[in-house]
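*Asks:* Provided below are the primary sequence and the corresponding predicted coordinates.
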Amino acid sequence: MNSPVLSKEFSNSKDLLDKLYQNGITKTYHEGDIILDENASIRSIPIVMKGMIKVIRTEEDGREILLYYIKSGESCIMSFLGGMHKEKSIVKAEVEEDAEILFLPVDKVSLFIKQYPEWLDYIFRLYHKRFEELLDIINAIAFKKVDERLLNLLYKKSANLGSKTIIITHEQLANELGTARVVVSRLLKQLEDAGKLKLGRNKIILSEN
């Protein structure tokens, strides 16, 4: 299946786009599926054609923290790094929204870097975007309170989904923030009391204002 997003991303190089489809394998995944786990060997690089993936890092104490989202037309820069250096994955990639993913073998990633300047530019743009997002994560952990991080995460999810209604559990939010479920539940109730959102069964509705 061809992706309009990838066609736009590589509009100046039809040859590169054709090579991606010829050498890649497309698979379909559902929300909650794990496409790459920590300590797994990286044999191919995922390029999201449709849907969205979230990339998570697990700490030594078992807590998880959300690093960034991979939207349609994007790929995982951590996979690029690990795959090209024959290292195991240091992150987990989980489907946030039903997705179609093109998996490109690692050896083709290196080959295309030499053959297509557009491919190298694509990788550099991903590096830049992920670097900024990771800096935001560091800044939030270091300087922002958990309630601010929680609200920012909800706004980001809302923007990604294009909806004020977010289907998610308190446990899932706690995992993405790297904190305890009871903390998230308490903060969500405070945000509801403040008129920022409305709580439902496994869903959160953000206020319009």
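*Replies:* That came in fine, so what should we check first? Everything numeric in this text was worked out from a predicted model, so none of it was measured.

*Asks:* what's the neighbour count on residue 112?
*Replies:* Neighbourhood size, residue 112 [other CB atoms under 10 Å]: 19. In this view, the C-beta of every residue, glycine as well, is placed from N, C-alpha and C.

*Asks:* hang on, residue 13 packs against residue 112?
*Replies:* No: between residue 13 and residue 112 there is no contact under CB atoms under 8 Å: 10.1 Å.

*Asks:* need the overlap of contacts for the two.
*Replies:* residue 119 (CB atoms under 8 Å, 6 or more residues apart in numbering).

*Asks:* and the helices in this protein, which stretches?
*Replies:* 4-9, 14-23, 77-84, 106-115, 117-143, 146-161, 170-177, 181-193 (DSSP state H).

*Asks:* show me what the last one is packed up against.
*Replies:* Counting contacts by 3 or more CB pairs under 8 Å, 6 or more residues apart in numbering; DSSP states H and E, helix 181-193 is packed against helix 146-161, helix 170-177, strand 197-200.

*Asks:* what do you get if the cut-off is 10 Å, keeping everything else the same?
*Replies:* Other elements packing on helix 181-193 under the criterion 3 or more CB pairs under 10 Å, 6 or more residues apart in numbering; DSSP states H and E are helix 146-161, helix 170-177, strand 197-200, strand 203-206.

*Asks:* try the fifth one
*Replies:* Applying 3+ CB pairs under 10 Å, 6+ apart, we find helix 117-143 packed against helix 4-9, helix 14-23, strand 44-58, strand 64-71, helix 77-84, helix 106-115, helix 146-161.

*Asks:* between helix 77-84 and that helix, find me the angle.
*Replies:* Counting by axes from the mean of the first three to the mean of the last three CA atoms, to 10 degrees, helix 117-143 lies at 120 degrees to helix 77-84.

*Asks:* check which residues of helix 117-143 are buried.
*Replies:* 118, 119, 122, 123, 126, 130, 137, 140 (16 or more other CB atoms under 10 Å).

*Asks:* need the contact list for the last one.
*Replies:* Translated: residue 140. 146, 148, 149, 152, 153, 177 (CB atoms under 10 Å, 6 or more residues apart in numbering).

*Asks:* just to revisit the earlier point, in CSV, list the buried residues of helix 117-143 along with distance to residue 34.
*Replies:* Shown next, in CSV, are these (distance: CB to CB, whole Å):
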residue, distance to residue 34
118, 30
119, 27
122, 25
123, 24
126, 21
130, 20
137, 21
140, 25
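
*Asks:* quick one: which of those residues is nearest residue 64?
*Replies:* residue 137 (12.7 Å; CB to CB).

*Asks:* that closest one contacts residue 143, correct?
*Replies:* No: Residue 137 lies out of contact with residue 143 (CB atoms under 10 Å); the separation is 11.4 Å.

*Asks:* give me the distance between the nearest residue to residue 134 once chain neighbours are set aside and residue 206.
*Replies:* The shortest distance from residue 134 to any residue other than its chain neighbours is 6.5 Å, reached at residue 67 (CB to CB, 6 or more residues apart in numbering). Using CB to CB, to the nearest Å, residue 67 is found at 23 Å from residue 206.
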